[in-house]
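S.K.: Model the structure of this input:
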Amino acid sequence: MKIGIFAPSYKRPEKSITQTVYPDVKIVVAESEAAEYLKNGNEIIVCPDDQQGNVCRVRNWILRENEDLDCVAILDDDCKGMYRWQEQERFKLSPEEFYEFVEASTIMAYDMRVKMWGVNCLVDKGAYREHTPFSFVQYIGAPFTAHCKTDLFFDEELPLKEDYDLTLQHLQKYGRVLRFNAYHYDVKQAQQTGGCASYRNAEREREQFDLLRKKWGDKIIGYDKSTKRKFDFNPILRSPIKGV
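M.R.: Residues are numbered from 1 along each chain as shown. From the prediction side, this is the model:
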């Protein structure tokens, strides 16, 4: 199996910690920012400046530039680690364990004819489905996605809701994704400067939510009415396919 793990990064060289945690992850940065990242000790892959500024565009660039690989895994650049739940305890994967997990999961995805796999998007133990180790119709979050010779790409018009959209694209075309519920990432989504935060605000979030809902319909993309917030920007994704 030929597998590559990549972490796109934008305007935050000092905060790109993923490579420190998992040294074999390749940091992908714009040409104009390369010197700053090198100064901070990052090992980088340089992409054209016109591919940055939109996280979907740079992820798609990574996928297209690595079509020869059996699996292209894309991880956020601020990942503190990948974790698993085992017998009610949380364990952080070592670099060796992480790479073995990616390889074994990719093999399973190929055996199941799945084009995209991922992990649980929630950190808390309550989200771990002990009696449902795998999900096939559940949302896979963009902080970690793995793509197996895919012909589906992130919608560049939805850079803040791209993971919901890509999950639905795969369900529509292939009838399944593969999510490992015992595993999860720990990242700082929308909590620091650079990356998506460069263009993320309440108005843009609402606009993106509405575009996603218009694309897939209100029977599939719904509002979270249980939240105490005035408006929750995280959609409720109702899979059009029955299953776990």
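S.K.: Give me the contact list for the helix or strand harbouring Tyr99.
M.R.: Element membership for Tyr99, per DSSP states H and E: helix 95-111. Residues outside helix 95-111 that contact it (C-beta atoms under 8 Å, 6 or more residues apart in numbering): 1, 3, 5, 21-24, 70-71, 73, 82, 93, 115-117, 146, 148, 178, 180, 183. From N, CA and C alone the C-beta is placed, and that goes for glycine too.
S.K.: For it, buried residues please.
M.R.: For helix 95-111, the neighbour count (16 or more other C-beta atoms under 10 Å) marks Phe98, Tyr99, Phe101, Val102, Ser105, Thr106, Ala109, Tyr110 as buried.
S.K.: one step back: the contacts of helix 95-111 in helices, which ones?
M.R.: Applying DSSP state H to the contacts of helix 95-111, the entries found in helices are Val21.
S.K.: ok, of the contacts of helix 95-111, which come out buried?
M.R.: By neighbour count, with 16+ other C-beta under 10 Å, the contacts of helix 95-111 hold 3, 5, 21-22, 70-71, 73, 82, 93, 115-117, 146, 148, 178, 180, 183 as buried.
S.K.: how much space between Glu162 and Asp111?
M.R.: Plainly put, Glu162 is 27 Å away from Asp111 if you go by C-beta to C-beta, to the nearest Å.
S.K.: How about Asn54?
M.R.: Counting by C-beta to C-beta, the gap from Asn54 to Asp111 is 34 Å.
S.K.: and the most centrally placed residue in the chain, what pLDDT?
M.R.: By C-alpha atoms, centre = their mean, the chain has its centre lying nearest to Ala142, at 2.0 Å. What the model reports as pLDDT for Ala142 is 96.
S.K.: Pull the contacting residues for the residue lying closest to it once chain neighbours are set aside.
M.R.: Nearest non-adjacent residue to Ala142, counting by C-beta to C-beta, 6 or more residues apart in numbering: Asp163, 3.7 Å away. Taking C-beta under 8 Å, 6+ apart as the contact definition, Asp163 lies against Tyr139, Ile140, Gly141, Ala142, Thr145.
S.K.: For those residues, which entry has the maximal number of neighbours?
M.R.: Ala142 (26 neighbours; other C-beta atoms under 10 Å).
S.K.: list the contacts for Thr167?
M.R.: Met116, Gln138, Tyr139, Ile140, Val177, Leu237.
S.K.: how far away is it from Phe209?
M.R.: Taking C-beta to C-beta, one finds Thr167 at 15 Å from Phe209.
S.K.: Same question for Val187.
M.R.: 21 Å.
S.K.: pLDDT at the closest residue to Glu65 other than its chain neighbours, what is it?
M.R.: Excluding its sequence neighbours, the residue lying closest to Glu65 (C-beta to C-beta, 6+ apart) is Cys47, at 7.8 Å. As predicted, Cys47 sits at a pLDDT of 97.
S.K.: State the next helix or strand along the chain beyond the lengthiest strand in the chain.
M.R.: In the chain, assigned by DSSP state E, the strand with the most residues is strand 178-186. Using DSSP H and E, the next helix or strand after strand 178-186 towards the C-terminus is helix 202-216.
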